[in-house]
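**Q** sequence plus predicted model, see below.
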Amino acid sequence: MRRSSVITIVLLVLVIIGLIVALVVTNLPQEESVDENIVVENNESLEDEKQQEEVVEETPTSVSLDSQIVKDMYDIVNGRTGDIFHCLKKGKLTVEDLSDEYIQTIAYFNSAEDNVEKFDTVDNQMRYGKLEKRYMDEAVKKIFGDVEYEPTYVLYQSGDAKMLIYEPSENVYYMYGGFGGGSNKFTHHAITKVEEYSDKYVVTEKMLTDDYTNGYHHVYSYYGQGYVFTSDLLDSITDSDIDSIDVSQDMYSQNEKSKKLISKYYDDATEYQHTFMKNADGTYYWLKTEIVK
């Protein structure tokens, strides 16, 4: 065979091989090209949506101040508990800040008190009644939710006197008498707004303090534990002056004098927010109290 013919055959084989390789490469699955700009835009879009979701807050519903729930909440935070909910050293109060005695005192006066079994006669230890611990457990759960406490005793208001003392061997609290006495120092409370959310209630309340001496109500905006006044005197006013005040703001209070005073010194009164969390069955429990003004 001539040399030119061999070269021609080799070239044809190489061309055929090249065509086959090109055909195979052409039919291989191609990697998808990712547009980095699209990825960045998608990530930014997701981040914007996330931020918008975080910014959107639930709009609460206003609760009528004439409703029963407002009256019940007023009783919880303003019962015969010596202003435990209002004398805040930190400006915020949660159940972790309350002693076992304060927890039991609040629960007793708000719920457990009706379950006391009174004795016909006072025994030789000056006990005139008893309360089964299960009623205290129920009352604590009702007011504070699922919290733990050590059963000890119930205070007469927020003082040092022990009204009920727990007896662990019998699993009951025994009630002791002999408490009482008045004071010339008072607090005036009024709920001014209640907002309902899907999971909670937020209660706004105003408070003034009142030192009544020599026929005058010396009005302050706040005092701490032990009736220690920590704010400047707002005014000194007589009963007749108070009677002439028109209540100009919408509020709920069980005391007409309180409504009049808070209406007059509305902007100077200490303002609180009490938060109550909802349970699945529609009941609620206290979560925290804060001084907001």
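**A** All right, it came through fine. Since we're looking at a predicted model, the values are computed, not measured.

**Q** helices of the stretch 151-293 of the chain, start to end?
**A** 239-243, 256-264 (DSSP state H, counting those that start in this stretch).

**Q** so where is the stretch 51-200 of the chain shaky, pLDDT-wise?
**A** Applying pLDDT under 70 to the stretch 51-200 of the chain flags the ranges 51-56, 157-159, 178-183.

**Q** can we see that at 80?
**A** 51-56, 82, 89-90, 122-125, 157-160, 177-184 (pLDDT under 80).

**Q** and the strands in the stretch 1-150 of the chain?
**A** For the stretch 1-150 of the chain, strands defined by DSSP state E, counting those that start in this stretch occupy the ranges 61-62, 92-94, 117-118, 127-132.

**Q** direction included, what does the top strand by length along the chain pair against?
**A** Counting by DSSP state E, the longest strand found in the chain is strand 200-213. The sheet places strand 200-213 alongside strand 185-196 (antiparallel), strand 216-220 (antiparallel), strand 270-278 (antiparallel), with pairing taken from DSSP bridges.

**Q** make a markdown table from those and add mean neighbour count and distance to residue 83 to it.
**A** Every C-beta, even on glycine, is put in place using the N, C-alpha and C of the backbone. Shown next, in a markdown table, are the strands paired with strand 200-213 (neighbours: other Cβ atoms under 10 Å; distance: least, Cβ to Cβ, whole Å):
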| stretch | mean neighbour count | distance to residue 83 |
| --- | --- | --- |
| strand 185-196 | 20 | 6 |
| strand 216-220 | 20 | 13 |
| strand 270-278 | 19 | 11 |
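
**Q** contacts for stretch 119-128?
**A** Stretch 119-128 is touched from outside by 118, 129, 130, 174, 175, 176, 177, 178, with contacts defined as Cβ atoms under 8 Å, 6 or more residues apart in numbering.

**Q** list buried residues within those.
**A** 129, 130, 174, 175, 176 (16 or more other Cβ atoms under 10 Å).

**Q** what are the bridge partners for the second one, then?
**A** Here residue 130 shows beta-bridge partners residue 117, residue 174, assigned using DSSP bridges.

**Q** list the contacts for it?
**A** 116, 117, 119, 172, 173, 174, 175.

**Q** same list (the helices of the stretch 151-293 of the chain) but as a markdown table, adding mean pLDDT and mean neighbour count.
**A** What follows is the helices of the stretch 151-293 of the chain, written out as a markdown table (pLDDT from 0 to 100; neighbours: other Cβ atoms under 10 Å):
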| stretch | mean pLDDT | mean neighbour count |
| --- | --- | --- |
| helix 239-243 | 95 | 12 |
| helix 256-264 | 95 | 20 |
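
**Q** nearest to residue 73, of the ones you listed?
**A** helix 256-264 (15.8 Å; Cβ to Cβ).

**Q** one step back: can you redo the contacts of stretch 119-128 as TSV with distance to residue 89?
**A** Output for the contacts of stretch 119-128, formatted as TSV (distance: Cβ to Cβ, whole Å):
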residue	distance to residue 89
118	37
129	34
130	34
174	32
175	30
176	29
177	32
178	30
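
**Q** what two of those are the furthest from one another?
**A** 130 and 178, at 16.5 Å, using Cβ to Cβ across these.

**Q** hang on, the earlier thing: residue 151: which of the helices of the stretch 151-293 of the chain is closest?
**A** helix 256-264 (34.2 Å).

**Q** so what does the closest one touch, helix or strand wise?
**A** Counting contacts by 3 or more Cβ pairs under 8 Å, 6 or more residues apart in numbering; DSSP states H and E, helix 256-264 is packed against strand 185-196, strand 200-213, helix 239-243.

**Q** tally of neighbours for residue 214?
**A** Per other Cβ atoms under 10 Å, the neighbour tally for residue 214 reads 7.

**Q** same thing with residue 78?
**A** Neighbour count of residue 78, defined by other Cβ under 10 Å: 22.

**Q** mind checking how far the closest residue to it other than its chain neighbours is from residue 176?
**A** Excluding its sequence neighbours, the residue lying closest to residue 78 (Cβ to Cβ, 6 or more residues apart in numbering) is residue 189, at 4.9 Å. According to Cβ to Cβ, to the nearest Å, residue 189 stands 29 Å off from residue 176.
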